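Enquirer: show me how the following folds:
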Amino acid sequence: MMTIEILPARLANQIAAGEVVERPASVVKELVENSIDAGATRIQIDIERGGHKLIRIRDNGIGIVKDELMLALSRHATSKLKSLDDLECIASLGFRGEALASISSVSRLTLSSKPQAQETAWQAFAEGRDMAVQVQPTAHPDGTTIEVKDLFFNTPARRKFLRTEKTEFSHIDELVKRIALSRFDVAITLTHNQKVVRQYRPRTIEKGVERVAQVGGKAFLQQASFIDSGHEGLRLFGWVLPAGVNNGTQYTYVNGRMMRDKLILHAIRQAFDESIGHEELPGFVIYLELDPRQVDVNVHPAKHEVRFHQARLVHDFIVQAIKQVATEQIDLPCASETETQAPDTTSPLFTPQEQVDETYHQSYRSTLQPETQPQAYSAPSSFGERSEASRAASGGGRSNYGGATGGGKKQVNVNQLYQGLSHQQMQHFDQIEEAALPSNEVSSIPISASKSSWMLLPQGKVMLEQDNQLLFGDCRQGLLPYWQMQIEQDGTLQGKALLLPVRIKLDKAALEALQQRETWLAILGFAIEIFDGHILVKKLPVSLYSIDVGEISKQMMEPSSDAELQDWLQWLEVSTPSSYFDSQHFDLVKEKLLSKAPCLARIHKSAVTIDAQKLVSFLSSQ
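Expert: The predicted structure follows:
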């Protein structure tokens, strides 16, 4: 007969680690949150081999006194809660006292610390086998350093589920970006294999948009509207991009803690649906502040979700605040018409320019924004998965892909081109014909009457004028350089969430091959989860959204495992269907694509020259 027994401390901690320590990024999250709770203003994060070998967090916080070092590695030992009243009014990021004990049970952990008032620094070492803690003096500046070595060395079943070094580090990198947005005043440095990857310098709230731009791309510096709404006890502020801007940065924070709460995402989706219709959500970084007693953060193991005591009030408040700024953005000038210099975010040491053209930025500012931005935001850091604010949040919506506006065949001849022309464009051809110019002068006339020197035709075909010549080209040729610029700016291409994830069965070899390509697919805009025997496809690149997901899953294996970014972009270019060029998404980006010199150069290279006089004569006879 089985008897009821209390679990040994080591086994209990390893079970708890299953919830707290999911992967190396989870360890970084817990330790960095502890550093921020300790009042650190400088945090150094060192990673080796994606976190498999080493995770080191060093800060300049208040430190831990010698007598509490062993206690800090015990379960449910914390300095952040003393009573039930404290649990109902949580102002810190951590509060359960589980992280260090759980991490030390599945790794070799070294904790070194020195409070300012203590003359000597002390070091505690714990190893997962028996968790016996050894304490000894050490050399260390004021603050704390925690080293986590050989994660999951004593739990092989957990270790085998770790992904590749590149994949695990990408999760850590994404986490650090989110933490950097939660506390502008904290300097954060991230290294991988002894190379600096990210370096965020401290910023005041007045210059917070510079850090937002460093994380989310220069679009936030150029085009974002600042929103500040509410009052003490319930306030929302942050930055929102106009609809149609290709940027997947979508973060929300509650009292400084990163969230992916369903209520918040639903409110944001509803606000944009009511103001701009069923379009893809633009990028946003939004902070919600309210009385800690009005929100319960102790409802999710990883603290990614919260429960609001007045959920309807909070929901409606978010809808109205976001709706106002989204409505105002509809009439704002298109940023592509007024390009400004912005810092290059591709460099890991990128630091935004100190001075921003205030006149330019003012044109995109919401009337909700005061003359001076809010005072320093002192809420602590937070963590959460990237917001999957998608069509699924609102229960559907129309597809981004409409039918062709002109001829529907893949082979487009001159007659079909003529049928696709607008009435205004036809009148321009008539004006050329009526001029009755000699044949040697016809080719010198610009073909477009508008300020642009191109005319978009069905299925991505385009007529351009260059050096007084009329060219017939294909916008597909401009996609590759356009995507390259998007990746340089945002880190990834835009993906579009499926209404429901698609489950696809794959054999072991295919799963291994897909796992080797996972990082590249994420850069292209895919969101895929890999399981034993199958995958779940949650997102597709916008350009592939109209293609059957099962067919795409087969094509994903075409690039070799050692293919580079250029190879993957060429694959995406070839795989993009013609219907994409008649979609609403391409309608939003066509002017940007056709205004970029690298894109036009590639289109021109493959374009064919058309005799303008013969074309006019032919069209007139139809």
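
Enquirer: after the helix or strand hosting Tyr287, next one along is what?
Expert: Taking DSSP states H and E as the criterion, Tyr287 maps to strand 284-290. Of the helices and strands lying after strand 284-290 in sequence (DSSP H and E), the nearest is strand 295-296.

Enquirer: now that next one: average pLDDT?
Expert: Averaging pLDDT along strand 295-296 gives 86.

Enquirer: skip ahead from it and say which helix or strand is next.
Expert: Counting by DSSP H and E, the next helix or strand C-terminal to strand 295-296 is strand 307-308.

Enquirer: now the most centrally placed residue in the chain, nearest residue through space, not along the chain?
Expert: Central residue of the chain (Cα atoms, centre = their mean): Thr249, 3.8 Å from the mean position. In space, and not counting its chain neighbours, Thr249 is closest to Gly216: 3.5 Å by Cβ to Cβ, 6 or more residues apart in numbering. C-beta: built from backbone N, CA, C; applies to glycine.

Enquirer: quick one: contacts for that neighbour?
Expert: 247, 249, 283, 285, 490 (Cβ atoms under 8 Å, 6 or more residues apart in numbering).

Enquirer: tell me, how many residues neighbour the fourth one?
Expert: Neighbours of Val285 under the rule other Cβ atoms under 10 Å: 25.

Enquirer: pretty sure it contacts Gln214?
Expert: No: counting by Cβ atoms under 8 Å, Gln214 is not a contact partner of Val285; they are 11.7 Å apart.

Enquirer: so, low pLDDT: which residues of the stretch 301-450 of the chain?
Expert: Scanning the stretch 301-450 of the chain with the threshold set as pLDDT under 70 gives 301-304, 330-450.

Enquirer: recalculate using a threshold of 80.
Expert: 301-305, 329-450 (pLDDT under 80).

Enquirer: all helices for the stretch 401-550 of the chain, in order.
Expert: For the stretch 401-550 of the chain, the helices defined by DSSP state H, counting those that start in this stretch occupy 414-419, 423-435, 439-442, 476-490, 508-516, 518-524, 549-555.

Enquirer: show me what counts as buried in the longest one.
Expert: Residues 476-484, 486-487, 489-490 are the ones in helix 476-490 that count as buried (16 or more other Cβ atoms under 10 Å).

Enquirer: look up how far Arg178 lies from Met259.
Expert: 10 Å (Cβ to Cβ, to the nearest Å).

Enquirer: neighbour count for those two, which is higher?
Expert: Met259 (27 against 21).

Enquirer: just checking, that one touches Gln250?
Expert: No: between Met259 and Gln250 there is no contact, the gap being 11.5 Å when judged by Cβ under 8 Å.

Enquirer: burial count for Glu289?
Expert: Neighbour number of Glu289 under other Cβ under 10 Å is 19.

Enquirer: run through the bridge partners of it.
Expert: Arg235 (DSSP bridges).

Enquirer: pLDDT wise, what is it at?
Expert: Predicted confidence (pLDDT) for Glu289: 93.

Enquirer: quick revisit: may I have the strand holding Tyr287 as PDB, with CA atoms only?
Expert: C-alpha atoms of strand 284-290 as PDB (Å, rounded to 0.1, in the frame of the first residue of the first chain):
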ATOM      1  CA  PHE A 284       3.000  49.600 -29.700                       C
ATOM      2  CA  VAL A 285       4.600  49.800 -26.300                       C
ATOM      3  CA  ILE A 286       2.000  50.500 -23.700                       C
ATOM      4  CA  TYR A 287       2.300  50.900 -20.000                       C
ATOM      5  CA  LEU A 288      -0.600  50.500 -17.600                       C
ATOM      6  CA  GLU A 289      -0.300  51.800 -14.100                       C
ATOM      7  CA  LEU A 290      -2.900  51.200 -11.400                       C
END
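
Enquirer: for that strand, packing partners?
Expert: strand 234-240, strand 250-254, helix 262-276, helix 311-329 (3 or more Cβ pairs under 8 Å, 6 or more residues apart in numbering; DSSP states H and E).

Enquirer: still on that earlier bit, mind putting the buried residues of helix 476-490 into TSV with pLDDT and distance to Leu514?
Expert: Formatted as TSV, the buried residues of helix 476-490 follow (pLDDT from 0 to 100; distance: Cβ to Cβ, whole Å):
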residue	pLDDT	distance to Leu514
Arg476	90	26
Gln477	91	29
Gly478	89	29
Leu479	92	24
Leu480	91	23
Pro481	91	27
Tyr482	92	26
Trp483	92	21
Gln484	90	24
Gln486	86	24
Ile487	88	21
Gln489	81	27
Asp490	81	24
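
Enquirer: pretty sure Val295 sits against Gln310.
Expert: No: under the criterion of Cβ under 8 Å, Val295 makes no contact with Gln310, lying 9.5 Å away.

Enquirer: who has more neighbours out of those two?
Expert: Val295 (23 against 13).

Enquirer: how close does the more buried one sit to Asp37?
Expert: From Val295 across to Asp37, the span is 18 Å (Cβ to Cβ).

Enquirer: also Ser578?
Expert: Taking Cβ to Cβ, one finds Ser578 at 54 Å from Asp37.

Enquirer: in three-state terms, label the closest residue to Gly97 other than its chain neighbours for me.
Expert: The shortest distance from Gly97 to any non-neighbouring residue, by Cβ to Cβ, 6+ apart, is to Thr78 (3.4 Å). Following DSSP: H, G, I helix; E, B strand; the rest coil, Thr78 is assigned to coil.

Enquirer: so what's the residue count around Thr78?
Expert: The burial count for Thr78: 20, using other Cβ under 10 Å.

Enquirer: do I have it right that it meets Ala99?
Expert: No: with contact defined as Cβ under 8 Å, Thr78 does not reach Ala99; the gap is 9.3 Å.

Enquirer: in the chain, which strand has the most residues?
Expert: Determined from DSSP state E, the single longest strand within the chain is strand 495-505.

Enquirer: what's the angle between it and helix 508-516?
Expert: Between strand 495-505 and helix 508-516, the angle comes out at 160 degrees (axes from the mean of the first three to the mean of the last three Cα atoms, to 10 degrees).

Enquirer: any idea how far strand 495-505 is from the chain center?
Expert: Going by Cα atoms, centre = their mean, to the nearest Å, the spacing between the C-alpha centre of strand 495-505 and its chain's C-alpha centre is 18 Å.

Enquirer: who touches Gln145 in this structure?
Expert: I think there's a mix-up here, since residue 145 is Thr and not Gln. Here Thr145 is in contact with 56-59, 110-113 (criterion: Cβ under 8 Å, 6+ apart).

Enquirer: which two in those residues are spaced the farthest apart?
Expert: Greatest spatial distance among these (Cβ to Cβ): Asp59 and Thr110, at 14.8 Å.

Enquirer: surely Pro458 meets Asp582?
Expert: Yes: judged on Cβ under 8 Å, Pro458 makes contact with Asp582 at a distance of 6.5 Å.

Enquirer: distance to Ala509 added to the buried residues of helix 476-490, as TSV?
Expert: TSV is the format used below for the buried residues of helix 476-490 (distance: Cβ to Cβ, whole Å):
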residue	distance to Ala509
Arg476	32
Gln477	35
Gly478	36
Leu479	31
Leu480	30
Pro481	35
Tyr482	34
Trp483	29
Gln484	31
Gln486	32
Ile487	29
Gln489	36
Asp490	33
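
Enquirer: hang on, the earlier thing: neighbouring strands for the longest strand of the chain, and are they parallel or not?
Expert: Applying DSSP bridges, you get strand 534-541 (antiparallel) as the partners of strand 495-505.

Enquirer: quick one: residues in contact with the partner strand.
Expert: Residues contacting strand 534-541 (Cβ under 8 Å, 6+ apart): 388, 390, 493-498, 501-506, 511, 514, 524-529, 547, 549, 552-553, 572.
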